[in-house]
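Enquirer: My questions concern the predicted model and sequence given below.
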Amino acid sequence: MKLIIAIFKAEKLDKVREALTGKEITRMTLSRVSGHGRARHRTGLFRGREVDIPLMPKIRMEIACNDEFKDEIVNLILHSARTEGDSPGDGKIFVLPLEECTRIRTGETGEEAI
């Protein structure tokens, strides 16, 4: 089992969810987060003035899956969250081993619980 954690631009959420649900991947947890990678200094306009934007709004998506679905899920997120051109700040995808999963309602464990 794997836990996939993807952090990407907030404006890409609809496109990423559409790509995943199109392949019947519907079980996910979403959180609104903020942060920055290498591109630390950004500016924007606020009420006609240029201001520093220290942290960019991002989405954190978590998907627990069986091993055989990992590559497909990663590729769907990768292609749908990427912006055109060489735009910094598109995000990251992390894949971690998932030691255990238990469904609270039934008590099922392991791959059946996912």
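Expert: Everything's here; your move. Numbering: from 1, shown residues only.
Enquirer: What segments of this protein are strands?
Expert: 2-9, 29-35, 42-46, 49-53, 56-65, 91-97 (DSSP state E).
Enquirer: So which of these is nearest residue 84?
Expert: strand 2-9 (12.4 Å; C-beta to C-beta). Any C-beta I mention is one placed from the backbone N, CA and C, and that applies to glycine too.
Enquirer: In that closest one, which residues are buried?
Expert: 2, 3, 4, 6, 7, 8, 9 (16 or more other C-beta atoms under 10 Å).
Enquirer: How about stretch 81-101?
Expert: By 16+ other C-beta under 10 Å, the buried positions in stretch 81-101 come out as 81, 91, 93, 95, 98, 101.
Enquirer: Just give the closest residue to the first one, not the sequence neighbours.
Expert: The reference is to residue 81. Distances taken as C-beta to C-beta, 6 or more residues apart in numbering place residue 8 nearest to residue 81, at 3.9 Å, with adjacent residues excluded.
Enquirer: same question, the third one
Expert: Across the structure, with C-beta to C-beta, 6+ apart as the measure, the residue nearest residue 93 apart from its sequence neighbours is residue 6 (4.7 Å).
Enquirer: Can you tell me who that neighbour pairs with across the strands?
Expert: With DSSP bridges as the criterion, residue 6 is bridged to residue 61, residue 93.
Enquirer: Just the CA coordinates for stretch 32-40, please, in PDB.
Expert: The C-alpha trace of stretch 32-40 is given here as PDB (Å, rounded to 0.1, in the frame of the first residue of the first chain):
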ATOM      1  CA  ARG A  32      -5.700  24.100   1.800                       C
ATOM      2  CA  VAL A  33      -2.100  24.900   2.700                       C
ATOM      3  CA  SER A  34       0.500  27.600   1.900                       C
ATOM      4  CA  GLY A  35       4.200  27.500   1.400                       C
ATOM      5  CA  HIS A  36       7.000  28.000  -1.000                       C
ATOM      6  CA  GLY A  37       9.800  26.100  -2.600                       C
ATOM      7  CA  ARG A  38      12.900  27.500  -4.300                       C
ATOM      8  CA  ALA A  39      10.900  30.600  -5.600                       C
ATOM      9  CA  ARG A  40      10.700  32.300  -2.200                       C
END
